[in-house]
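>>> show me how the following folds:
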Amino acid sequence: MSKKTEIKNMVQLRDSLLETYNQLKDGEIGTKEAKESSNLAGKIVSTVKSQMEYYTMTKADGKITFMEC
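This is a model prediction of the structure:
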């Protein structure tokens with residue numbers, strides 16, 4: 001990514017992935033960098049999914065700030 005920004009929620013993660021896609025399409029980055037970015041984003045989403053499943057199973061009243069916009 002060209003900008004050094006902290007991603008704090010799903011909307012920002014999606015925007016970052018779209019930016020990476022556009023950079024790949026425009027030839028600004030290579031496929032390796034785009035693939036690594038996509039892989040990392042998948043891992044971030046997976047951790048949020050695990051947290052949501054935990055809250056569902058335990059019926060805990062947890063707040064997942066990453067899911068908020």
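>>> may I see the buried residues of the longest helix seen in the chain?
If you go by DSSP state H, the chain has its longest helix at helix 31-58. By 16 or more other Cβ atoms under 10 Å, the buried positions in helix 31-58 come out as 34, 37, 41. For the C-beta atoms, the positions are set from N, CA and C on the backbone; glycine is no exception.
>>> any idea how far residue 62 is from the first one?
By that I understand residue 34. 33 Å (Cβ to Cβ, to the nearest Å).
>>> pLDDT below threshold where in the chain?
Filtered on pLDDT under 70, the chain yields the residue ranges 1-3, 69.
>>> repeat the analysis, applying 90 as the threshold.
Low-confidence segments of the chain (pLDDT under 90): 1-10, 44-45, 47-69.
>>> quick check, nearest of the buried residues of helix 31-58 to residue 24?
Nearest to residue 24 out of those is residue 34 (Cβ to Cβ; 4.3 Å).
>>> tell me if I'm right that that closest one and residue 24 touch.
Yes. With contact defined as Cβ atoms under 8 Å, residue 34 reaches residue 24; the gap is 4.3 Å.
>>> now the buried residues of helix 31-58 as a markdown table including distance to residue 7?
Shown next, in a markdown table, are those (distance: Cβ to Cβ, whole Å):
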| residue | distance to residue 7 |
| --- | --- |
| 34 | 16 |
| 37 | 11 |
| 41 | 9 |
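>>> go through the residues you listed and name the one nearest residue 58.
residue 41 (26.4 Å).
>>> surely that closest one and residue 12 touch.
No. Using Cβ under 8 Å, residue 41 is not in contact with residue 12, being 10.9 Å away.
>>> now the angle from the host helix or strand of residue 24 to helix 31-58?
Residue 24 is part of helix 10-25 when elements are defined by DSSP states H and E. Helix 10-25 and helix 31-58 meet at an angle of 160 degrees, taking axes from the mean of the first three to the mean of the last three Cα atoms, to 10 degrees as the criterion.
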